[in-house]
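A.B. asks: can't give you the sequence, but here's the structure:
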(Lines give C-alpha, C1' and ligand atoms only; values in the text may rest on other atoms or scores of the structure.)
Protein backbone atom coordinates (compact mmCIF):
# COMPACT_ATOMS: atom_id res chain seq x y z
CA UNK A 1 0.00 0.00 0.00
CA UNK A 2 1.51 3.32 -1.10
CA UNK A 3 1.30 6.63 0.75
CA UNK A 4 -1.81 8.01 -0.98
CA UNK A 5 -3.72 4.77 -0.48
CA UNK A 6 -2.95 5.05 3.23
CA UNK A 7 -4.17 8.66 3.21
CA UNK A 8 -7.47 7.61 1.62
CA UNK A 9 -7.81 4.84 4.18
CA UNK A 10 -7.21 7.28 7.04
CA UNK A 11 -9.96 9.56 5.71
CA UNK A 12 -12.40 6.77 6.63
CA UNK A 13 -14.77 7.89 3.88
CA UNK A 14 -16.66 4.59 3.78
CA UNK A 15 -17.17 4.16 7.51
CA UNK A 16 -20.26 2.22 8.46
CA UNK A 17 -23.25 4.57 8.65
CA UNK A 18 -21.25 7.54 7.32
CA UNK A 19 -23.86 8.10 4.62
CA UNK A 20 -26.23 9.39 7.30
CA UNK A 21 -23.60 11.91 8.44
CA UNK A 22 -23.00 13.12 4.87
CA UNK A 23 -26.68 13.56 4.03
CA UNK A 24 -27.72 15.02 7.39
CA UNK A 25 -24.69 17.30 7.67
CA UNK A 26 -25.15 18.71 4.16
CA UNK A 27 -28.87 19.36 4.65
CA UNK A 28 -28.41 20.97 8.07
CA UNK A 29 -25.56 23.20 6.90
CA UNK A 30 -27.51 24.41 3.86
CA UNK A 31 -30.62 24.94 6.00
CA UNK A 32 -28.64 27.07 8.47
CA UNK A 33 -27.60 29.29 5.55
CA UNK A 34 -31.01 29.41 3.90
CA UNK A 35 -33.21 29.98 6.96
CA UNK A 36 -31.24 32.94 8.32
CA UNK A 37 -33.97 35.15 9.82
CA UNK A 38 -33.28 36.51 13.30
CA UNK A 39 -29.48 36.50 13.43
CA UNK A 40 -26.85 38.39 11.45
CA UNK A 41 -24.03 36.86 9.46
CA UNK A 42 -21.64 37.97 12.22
CA UNK A 43 -23.72 36.13 14.83
CA UNK A 44 -23.93 33.11 12.52
CA UNK A 45 -20.14 33.11 12.10
CA UNK A 46 -19.38 33.48 15.83
CA UNK A 47 -21.91 30.78 16.75
CA UNK A 48 -20.47 28.41 14.17
CA UNK A 49 -16.98 28.77 15.65
CA UNK A 50 -18.00 28.60 19.31
CA UNK A 51 -20.31 25.60 18.95
CA UNK A 52 -17.84 23.80 16.70
CA UNK A 53 -15.17 24.23 19.38
CA UNK A 54 -17.58 22.91 22.03
CA UNK A 55 -18.40 19.89 19.87
CA UNK A 56 -14.73 18.96 19.50
CA UNK A 57 -14.17 19.42 23.24
CA UNK A 58 -17.10 17.05 23.82
CA UNK A 59 -15.51 14.59 21.39
CA UNK A 60 -12.21 14.68 23.28
CA UNK A 61 -13.88 14.24 26.68
CA UNK A 62 -16.58 11.65 25.94
CA UNK A 63 -15.00 9.73 23.04
CA UNK A 64 -11.36 9.67 24.15
CA UNK A 65 -10.84 10.54 27.81
CA UNK A 66 -13.95 8.83 29.20
CA UNK A 67 -14.15 6.36 26.28
CA UNK A 68 -17.95 6.21 26.44
CA UNK A 69 -18.49 6.26 22.68
CA UNK A 70 -16.76 5.52 19.38
CA UNK A 71 -17.52 6.92 15.94
CA UNK A 72 -16.58 5.27 12.65
CA UNK A 73 -13.15 3.72 12.94
CA UNK A 74 -12.14 4.58 16.53
CA UNK A 75 -8.45 4.61 15.62
CA UNK A 76 -8.91 7.22 12.86
CA UNK A 77 -10.41 10.70 12.93
CA UNK A 78 -11.85 10.63 9.42
CA UNK A 79 -13.97 12.91 7.26
CA UNK A 80 -17.26 11.70 8.81
CA UNK A 81 -15.98 12.80 12.23
CA UNK A 82 -15.05 16.22 10.85
CA UNK A 83 -18.54 16.63 9.40
CA UNK A 84 -20.25 15.39 12.56
CA UNK A 85 -18.38 17.64 14.97
CA UNK A 86 -17.46 20.67 12.82
CA UNK A 87 -20.65 21.19 10.80
CA UNK A 88 -23.65 19.45 12.34
CA UNK A 89 -23.77 20.99 15.87
CA UNK A 90 -23.07 24.58 14.66
CA UNK A 91 -25.68 24.25 11.92
CA UNK A 92 -28.29 23.00 14.40
CA UNK A 93 -27.40 25.82 16.82
CA UNK A 94 -27.83 28.48 14.14
CA UNK A 95 -31.15 26.98 13.06
CA UNK A 96 -32.37 27.11 16.66
CA UNK A 97 -31.30 30.75 17.12
CA UNK A 98 -33.02 31.72 13.88
CA UNK A 99 -36.41 30.52 15.10
CA UNK A 100 -36.40 30.76 18.91
CA UNK A 101 -38.39 33.54 20.62
CA UNK A 102 -39.47 34.13 24.20
CA UNK A 103 -42.92 32.77 23.31
CA UNK A 104 -41.86 29.53 21.61
CA UNK A 105 -38.68 28.81 23.63
CA UNK A 106 -40.02 25.81 25.55
CA UNK A 107 -41.74 24.29 22.53
CA UNK A 108 -38.73 24.81 20.25
CA UNK A 109 -36.31 23.49 22.87
CA UNK A 110 -38.42 20.34 23.27
CA UNK A 111 -38.55 19.91 19.48
CA UNK A 112 -34.79 20.33 19.02
CA UNK A 113 -33.99 18.03 21.96
CA UNK A 114 -36.29 15.36 20.49
CA UNK A 115 -34.75 15.73 17.00
CA UNK A 116 -31.23 15.56 18.44
CA UNK A 117 -32.09 12.39 20.36
CA UNK A 118 -33.60 10.87 17.22
CA UNK A 119 -30.49 11.74 15.20
CA UNK A 120 -28.24 10.16 17.82
CA UNK A 121 -30.44 7.05 17.90
CA UNK A 122 -30.31 6.72 14.10
CA UNK A 123 -26.52 7.06 14.12
CA UNK A 124 -26.35 4.22 16.62
CA UNK A 125 -28.69 2.06 14.54
CA UNK A 126 -26.74 2.87 11.36
CA UNK A 127 -23.59 1.62 13.06
CA UNK A 128 -21.64 4.89 12.99
CA UNK A 129 -21.91 5.54 16.73
CA UNK A 130 -20.81 2.71 19.01
CA UNK A 131 -22.04 2.97 22.60
CA UNK A 132 -19.81 1.63 25.35
CA UNK A 133 -20.85 3.11 28.68
CA UNK A 134 -23.40 5.46 27.14
CA UNK A 135 -27.11 5.41 26.31
CA UNK A 136 -28.99 7.80 24.06
CA UNK A 137 -31.21 9.10 26.85
CA UNK A 138 -28.11 10.20 28.80
CA UNK A 139 -27.88 13.07 26.32
CA UNK A 140 -31.21 14.65 27.34
CA UNK A 141 -29.86 17.00 30.07
CA UNK A 142 -26.94 18.05 27.85
CA UNK A 143 -29.22 18.87 24.94
CA UNK A 144 -31.64 20.74 27.19
CA UNK A 145 -28.92 22.89 28.77
CA UNK A 146 -27.39 23.55 25.36
CA UNK A 147 -30.60 24.71 23.67
CA UNK A 148 -32.57 26.22 26.53
CA UNK A 149 -29.77 27.85 28.55
CA UNK A 150 -26.51 28.22 26.66
CA UNK A 151 -27.62 29.31 23.19
CA UNK A 152 -29.98 32.14 24.34
CA UNK A 153 -27.27 33.42 26.71
CA UNK A 154 -24.68 33.13 23.93
CA UNK A 155 -26.77 35.28 21.59
CA UNK A 156 -27.46 37.89 24.30
CA UNK A 157 -23.73 38.06 25.03
CA UNK A 158 -22.86 38.69 21.37
CA UNK A 159 -25.52 41.38 21.02
CA UNK A 160 -24.56 43.11 24.26
CA UNK A 161 -20.96 43.31 22.99
CA UNK A 162 -22.21 44.72 19.67
CA UNK A 163 -24.31 47.32 21.51
CA UNK A 164 -21.32 48.35 23.64
CA UNK A 165 -19.15 48.74 20.54
CA UNK A 166 -21.83 50.88 18.89
CA UNK A 167 -21.95 53.19 21.92
CA UNK A 168 -18.16 53.55 21.79
CA UNK A 169 -18.31 54.36 18.09
CA UNK A 170 -20.97 57.01 18.68
CA UNK A 171 -18.74 58.69 21.28
CA UNK A 172 -15.46 58.32 19.40
CA UNK A 173 -13.42 61.52 18.79
CA UNK A 174 -13.94 63.02 15.33
CA UNK A 175 -10.89 64.21 13.39
CA UNK A 176 -11.23 66.75 10.58
CA UNK A 177 -10.75 65.32 7.12
CA UNK A 178 -7.96 67.82 6.38
CA UNK A 179 -6.07 67.09 9.59
CA UNK A 180 -2.48 65.86 8.98
CA UNK A 181 -2.99 63.26 11.70
CA UNK A 182 -6.42 62.19 10.49
CA UNK A 183 -5.32 58.90 8.90
CA UNK A 184 -3.01 57.71 11.67
CA UNK A 185 -5.17 58.98 14.53
CA UNK A 186 -8.47 57.61 13.28
CA UNK A 187 -6.83 54.28 12.44
CA UNK A 188 -5.37 54.07 15.96
CA UNK A 189 -8.74 54.84 17.50
CA UNK A 190 -10.44 52.19 15.37
CA UNK A 191 -7.85 49.58 16.31
CA UNK A 192 -8.03 50.33 20.04
CA UNK A 193 -11.83 50.21 19.93
CA UNK A 194 -11.87 47.01 17.86
CA UNK A 195 -9.58 45.34 20.41
CA UNK A 196 -11.76 46.57 23.26
CA UNK A 197 -9.03 48.81 24.67
CA UNK A 198 -10.78 52.14 24.08
CA UNK A 199 -11.85 52.39 27.72
CA UNK A 200 -8.56 50.97 28.95
CA UNK A 201 -6.30 53.41 27.09
CA UNK A 202 -7.61 56.91 27.92
CA UNK A 203 -4.06 58.35 27.86
CA UNK A 204 -3.59 57.19 24.27
CA UNK A 205 -6.87 58.74 23.17
CA UNK A 206 -6.08 61.99 25.00
CA UNK A 207 -2.64 62.13 23.39
CA UNK A 208 -4.19 61.72 19.94
CA UNK A 209 -6.76 64.44 20.62
CA UNK A 210 -4.04 66.78 21.93
CA UNK A 211 -1.86 66.16 18.89
CA UNK A 212 -4.82 66.79 16.56
CA UNK A 213 -5.60 70.12 18.29
CA UNK A 214 -1.97 71.21 18.09
CA UNK A 215 -2.08 70.82 14.34
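C.D. replies: Here it is on my side, so go on. None of these values were measured; they are calculated from a predicted model. Residues are numbered from 1 along each chain as shown.

A.B. asks: so where do the helices sit in the protein?
C.D. replies: Across the chain, reading from the start of the chain, the helices by DSSP state H fall at 3-11, 18-34, 41-58, 79-86, 88-99, 105-126, 140-144, 151-170, 182-194, 202-214.

A.B. asks: ok, residues contacting the fourth one?
C.D. replies: Which is helix 79-86. When contacts are defined by C-beta atoms under 8 Å, 6 or more residues apart in numbering, helix 79-86 is touched by residues 11-13, 15, 18, 21-22, 25, 52, 55-56, 58-59, 71-72, 128. Where you see a C-beta, it was placed from the backbone N, CA and C, and this is true even at glycine.

A.B. asks: at 7 Å what do you get?
C.D. replies: Counting by C-beta atoms under 7 Å, 6 or more residues apart in numbering, helix 79-86 makes contact with 11-13, 15, 18, 21-22, 25, 52, 55-56, 59, 71-72, 128, all of which sit outside it.

A.B. asks: Quick check, central residue of the chain?
C.D. replies: Relative to the mean C-alpha position of the chain, the nearest C-alpha, by C-alpha atoms, centre = their mean, is the one of residue 48, at 2.6 Å.

A.B. asks: And for the closest residue to it other than its chain neighbours, the neighbour number?
C.D. replies: Distances taken as C-beta to C-beta, 6 or more residues apart in numbering place residue 90 nearest to residue 48, at 4.1 Å, with adjacent residues excluded. A count of neighbours around residue 90, defined by other C-beta atoms under 10 Å, yields 24.
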